[in-house]
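Visitor: could you look at this predicted model? Sequence included:
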Amino acid sequence: MIRSLLPLLIAVGLGGCSGFTAFHSTQPPAQPAPAEKPAVVPDLKAYRLGIGDRVRVNVFGETDLSLEATVDGTGHISYPLLGSVLAMHKTADELGKDITAGLSAGYLVNPDVRVTVTQYRPFYVIGQVQHAGAYPYVVGLTVEKALALAGGLTSIASTRKIYLLHEDMPGEKRTRVALDTVVLPGDTLMVEESLF
């Protein structure tokens, strides 16, 4: 009797296994979670200095000539031996080359000068925000983050009429921007009133 039931048990067992396998093979493969959009980071090597930016000048082996300076209202920095040095609209590398040339002209032989920005000039938020004004710039700033720093939008603000004006491009007209648009130092963000 056991021998006669054995083939039946094996057949039922195999049938159950094949059904189990078939059930799992009909499931769609698991989809990976969508990757988050990478944060946009501007190329600040090409960044042009403006009034209010603070720079660090390092001259290798010359501690008296290594210092921090702020770009003043005339667009210059005050530097030992050279006096007033134009920094406005120059990159940090270009300013470093100018200082190198000045120090090479009778002061040092082959000076090794490096200039870095230690603090960027502020950006501005105006219009229909809770707290309009100037705010310290941080790398990776977007329109959305800038609005958050300004306390968010007012109840009558338009979410479709948000404009950006670049300080470095005075002739350029303001442009309508999205929330993920990058904001640069010196930029002005304008939020208009919504039309009911």
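Guide: In hand now; what should we look at?

Visitor: straight-line length of stretch 96-116, end to end?
Guide: Stretch 96-116 has an end-to-end distance of 9 Å (CA to CA, to the nearest Å).

Visitor: in the protein, where's the longest strand?
Guide: Longest strand in the chain, counting residues (DSSP state E): strand 157-165.

Visitor: quick check, central residue of the protein?
Guide: Among the residues of the chain, residue 140 comes closest to the average C-alpha position under CA atoms, centre = their mean, at 1.8 Å.

Visitor: does that residue count as helix, strand or coil?
Guide: Residue 140 falls in the coil class when you classify it by DSSP: H, G, I helix; E, B strand; the rest coil.

Visitor: confidence score at it?
Guide: With respect to pLDDT, residue 140 has a value of 92.

Visitor: now swap in residue 27 and tell me
Guide: On the pLDDT scale, residue 27 is placed at 49.

Visitor: what of the one 3 residues further on?
Guide: pLDDT recorded at residue 30 is 48.

Visitor: rewinding a little: quick check: phi and psi at the residue nearest to the centre of the chain.
Guide: Note on residue 140: backbone dihedrals following degrees, to the nearest 10 are phi 90, psi 10.

Visitor: same check, this time on residue 122
Guide: Dihedral angles (degrees, to the nearest 10) for residue 122: phi -70, psi 160.

Visitor: once you drop chain neighbours, what's closest to it?
Guide: Spatial nearest neighbour of residue 122, excluding adjacent residues (CB to CB, 6 or more residues apart in numbering): residue 134 at 4.2 Å. C-beta: built from backbone N, CA, C; applies to glycine.

Visitor: what's the answer for residue 47, then?
Guide: Nearest to residue 47 is residue 91, by CB to CB, 6+ apart, at 6.5 Å.

Visitor: what's near enough to touch that neighbour?
Guide: 45, 46, 47, 48, 49 (CB atoms under 8 Å, 6 or more residues apart in numbering).

Visitor: which of those fall in helices?
Guide: Per DSSP state H, helices hold no members of the contacts of residue 91.

Visitor: can you put those residues in TSV and add neighbour count, pLDDT and distance to residue 111?
Guide: As requested, the contacts of residue 91 are exported to TSV (neighbours: other CB atoms under 10 Å; pLDDT from 0 to 100; distance: CB to CB, whole Å):
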residue	neighbour count	pLDDT	distance to residue 111
45	8	79	21
46	9	87	24
47	18	91	23
48	17	92	23
49	27	95	20
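
Visitor: list the buried residues of the host helix or strand of residue 100.
Guide: In the assignment (DSSP states H and E), residue 100 maps to helix 92-104. For helix 92-104, the neighbour count (16 or more other CB atoms under 10 Å) marks 92, 95, 96, 98, 99, 100, 102, 103 as buried.
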